[in-house]
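Asker: Provided below are the primary sequence and the corresponding predicted coordinates.
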Amino acid sequence: MITLLDYGAGNVRSVINAIESLGENVKVVSDANEILSAEKLVFPGVGNFGSMMRILYQKQYVDPLKDYLRSGRPFFGICLGLHALFEKSEEAPGTSGLGFFSGQVKKFDIDLSVPHIGWNGVNIKKPSQTFNGLRGDEKFYFVHSFYVAPEDDAVVLTTTNYGIEFVSSIQKDNITATQFHPEKSGDAGKKLLKNFIRSPREQIALRYVSHETRLAKRIIACLDVRSNDQGDLVVTKGDQYDVRENGDVRNLGKPVELAERYYKEGADEITFLNITGFRDFPLKDIPMLSVLKRTSEHVFVPLTIGGGIRDYTDQKGNTYTALEVASAYFRSGADKISIGSDAVLIAENYIKTGKMTGKSSIEQISEVYGAQAVVVSIDPRRVYLSSPENVGHHVIETDIKGPNGEGYCWYQCTIKGGREGRDLDAVTLAQVCEKLGAGEILLNCIDKDGTNSGYDIELVNAVKNAVTIPVIASSGAGCVEHFYDVFTKTKAESALAAGIFHRKEVPIGAVKDYLKDKVEIRWNDGIALKP
Ligand code: 1PR
C-alpha cells in the first residue's frame with residue numbers, strides 16, 4: 001500500500017493512475033495521522049512553493065512529515081515534493097520549507113525558455129536501485145522554473161543540463177525525490193516508480209553514462225473534440241477550421257482510443273481541444289471530463305485540455321470562475337489547460353487599461369497551478385498588406401505573397417474557433433499573455449490548418465522571437481520533412497499535428513525515425529515505426 005500526500009492542488013490523479021497501473025493500491029492522506037502511519041509515502045507537489053507550504057502548515061502536516069522523513073521509511077517526492085524537502089525557495093521568499101536537506105530552491109537564470117518543459121535526460125551520479133531495469137539514456141518529463149541546490153553533494157542522484165547543470169533528483173537512504181515527473185514519463189517513469197514500490201535490493205550502476213543531457217523537441221498529437229449531430233463526442237478535424245464535410249461533422253475516431261494509440265506510438269504529449277467549448281459551459285460537459293479521466297488511466301505522458309476555460313454565469317445566475325473550470329480539468333487528469341478566446345479578451349483589456357487585474361483566468365490559474373500549467377492557444381489568420389506603414393500591428397515581410405501579390409502581412413487573432421477576427425495581432429497577444437503568467441504558447445494558424453503544406457515558419461519565428469516561454473508550432477504538417485523544417489528553421493520547442501496522425505498518413509514513429517540523428521528527440525524502445 002502506497003500512501004499519497006494530496007494537499008489539494010494540481011494533478012495527483014496521474015500519480016495515482018501510474019501507481020495503480022503497476023498493481024499497487026493507493027491510499028490518499030486525509031489527516032495527519034495517516035502520514036505517521038504510512039509504510040511508503042509519495043508526495044507529488046504541484047503548483048507554487050508558497051501556497052504548498054501554507055496548505056501544509058494549515059493542515060498541520062509539517063511536523064508529521066518531518067517525523068516521517070526522520071523515521072527512515074521510504075519516501076518519494078516529485079517536483080514540488082522535492083523542493084519541499086529544502087530550507088527555502090526563491091519562489092516564495094520568507095516561507096520555510098521542511099528543511100530536511102540543507103540548501104535552497106533557485107530560479108533558472110538562463111538564456112533559454114523558462115519554464116524548462118519537456119523530455120530531458122539524466123546524468124546518474126551514483127549507483128542506485130532507483131534505476132534498476134533502465135539503461136540510463138532514457139528521457140523523463142520535466143516542467144519547472146526552479147531547481148534545488150543542495151549543500152551536500154552526496155545527496156545528488158542525478159543532474160540534468162538545461163543552460164546550466166542542475167540537480168534533477170536526490171537520494172539519501174530511503175528518501176528519493178525527482179524534479180521530473182515519473183508518472184508522466186511513459187514506460188521509463190513507470191519503471192522508476194516500480195523500483196520504489198518493489199524496493200529491489202541491488203544498487204546498479206548503469207551501462208550508459210551521459211555527461212551532458214539535451215532537451216528533446218516534442219511531437220504532440222492533437223485531438224479536436226466535439227459532439228457530432230448525433231450527440232456523440234468524436235475527434236474531428238477541420239480544413240482551415242471548417243470541420244464539416246457534406247454537412248456532417250467529420251468523425252475521425254473516438255477520443256480515448258485515439259489518445260491511447262498515440263501514446264503507444266510515442267507521442268510526447270497529447271492535447272485535447274474541446275472546439276465548441278466557447279459556446280457551451282464545460283462543467284456541464286461531463287463527457288469531456290470523463291474522456292480525460294479515462295485517458296489518464298492509460299496514457300502516461302502529459303495531457304493538455306483546452307476549450308471554454310473562462311468565467312461563466314449560467315441561466316440561473318450561478319457564477320463559475322475559470323479557475324473552477326480548470327480545477328475540474330486538473331482533477332480529471334489534465335496536466336495543463338489551454339485558453340483560447342478568453343486570452344484574446346484578457347489581452348485586449350490589458351492593452352486598453354494598462355493594468356493587470358489579478359482576476360483574469362490566466363493570472364488566477366497561473367497563481368494556483370503555476371505558469372507551466374497555463375497554455376495560451378492562438379488562432380491567427382493572415383491579413384495581407386502591400387505596405388508595412390501605419391498598421392498598428394506587428395507586420396512581417398513575407399515570402400508567401402498575398403492574393404494580389406502583397407509582400408507583407410500581420411497575424412490577426414480570432415476568437416470562437418476562428419469565427420470572429422479581432423483588432424489584435426498574434427505577437428502582441430503572446431507577449432501580453434507571457435506577462436500575465438502564461439507558461440507556453442500553442443500557435444495554430446488558420447491559413448495552414450489541415451492543408452498539409454507545412455508549418456507557417458514566418459509566424460512561428462515572429463512569435464517565438466518575441467517571447468521567452470516555449471512555443472508549440474501547430475497547423476499544416478503534411479510529411480516528416482515539415483517537422484524537420486520547423487525544428488531547424490525556428491526555435492519552437494514542439495511541433496503539433498492532427499490530420500496526418502488521424503488519417504494514418506504519417507505515424508508518429510515515422511516522424512521520430514526521420515528526425516533521429518538530425519534533431520534531439522525522445523527515443524524509447526517499443527515505439528512503432530511503421531504504420
Ligand atoms: O476559445 O478557449 O474555447 O478554445 C477553443 C480551442 O479550440 C482553441 O484552442 C482553438 O484553437 C480550438 N478550435 C476551435 N475551433 C476549431 C476548429 O478547428 N474549428 N481547432 C479549433 C483548432 C487547430 C489545431 C489543429 C492544428 C493541426 N484546431 O489544434 O489541431 O491546426 O492540424 P493539422 O495538423 O491537421 O494541420 P477556447
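Answerer: Received it, and whenever you're ready, just let me know what you need.

Asker: Give the closest residue to Ile400 in space, chain neighbours not counted.
Answerer: Ranked by C-beta to C-beta, 6 or more residues apart in numbering and with sequence neighbours excluded, the top spatial neighbour of Ile400 is Glu458, at 7.3 Å. Any C-beta I mention is one placed from the backbone N, CA and C, and that applies to glycine too.

Asker: That should have said Gly253, apologies.
Answerer: The shortest distance from Gly253 to any residue that is not its chain neighbour, by C-beta to C-beta, 6+ apart, is 4.9 Å, and that residue is Val235.

Asker: Help me confirm that that neighbour is found in a strand?
Answerer: Yes - under DSSP: H, G, I helix; E, B strand; the rest coil, Val235 falls within a strand.

Asker: Just to check, it is in contact with Leu223?
Answerer: Yes - under the criterion of C-beta atoms under 8 Å, Val235 lies in contact with Leu223, with a separation of 4.7 Å.

Asker: Overlap in contacts, the two.
Answerer: Jointly contacting Val235 and Leu223 under the rule C-beta atoms under 8 Å, 6 or more residues apart in numbering are 255, 258.

Asker: Can you name the helix or strand that the residue of the stretch 1-150 of the chain found nearest the ligand falls in?
Answerer: Closest to the ligand within the stretch 1-150 of the chain is Ile117: 17.8 Å, counting by C-beta to the nearest ligand atom. Remark: Ile117 resides in strand 116-120, with elements defined by DSSP states H and E.

Asker: Looking at that strand now, give me its mean pLDDT.
Answerer: The pLDDT scores in strand 116-120 average 95.

Asker: got the buried residues for it?
Answerer: 116-120 (16 or more other C-beta atoms under 10 Å).

Asker: now swap in stretch 291-309 and tell me
Answerer: By neighbour count with 16+ other C-beta under 10 Å, stretch 291-309 contains the buried residues 291-297, 299-309.

Asker: same question, stretch 464-479
Answerer: Neighbour-count burial for stretch 464-479 flags 464, 466-467, 469-479 (criterion: 16+ other C-beta under 10 Å).

Asker: Same check on stretch 106-119?
Answerer: If you call a residue buried by 16+ other C-beta under 10 Å, then stretch 106-119 has these buried ones: 106, 108, 113-119.

Asker: Tell me which of the buried residues of stretch 291-309 fall in strands.
Answerer: Taking DSSP state E, the ones among these that sit in strands are 303-306.

Asker: Among the residues you listed, which one lies nearest to the ligand?
Answerer: Lowest distance from the ligand to those (C-beta to the nearest ligand atom) belongs to Gly306, with 4.4 Å.

Asker: Run through the residues that contact the residue nearest to Gln60 when sequence neighbours are not counted.
Answerer: Computed as C-beta to C-beta, 6+ apart, the closest residue to Gln60 that is not its neighbour in sequence is Ala32, at 5.3 Å. Under the criterion of C-beta under 8 Å, 6+ apart, the contact list for Ala32 reads 59-61, 63-64.

Asker: try 10 Å
Answerer: For Ala32, the set of contacting residues under the criterion of C-beta atoms under 10 Å, 6 or more residues apart in numbering consists of 59-65, 67.

Asker: returning to that earlier point: counting contacts, what elements does the strand holding Ile117 pack onto?
Answerer: Identification of packing neighbours for strand 116-120 by 3 or more C-beta pairs under 10 Å, 6 or more residues apart in numbering; DSSP states H and E yields strand 140-144, strand 156-162, strand 164-172, strand 218-227, strand 269-274.
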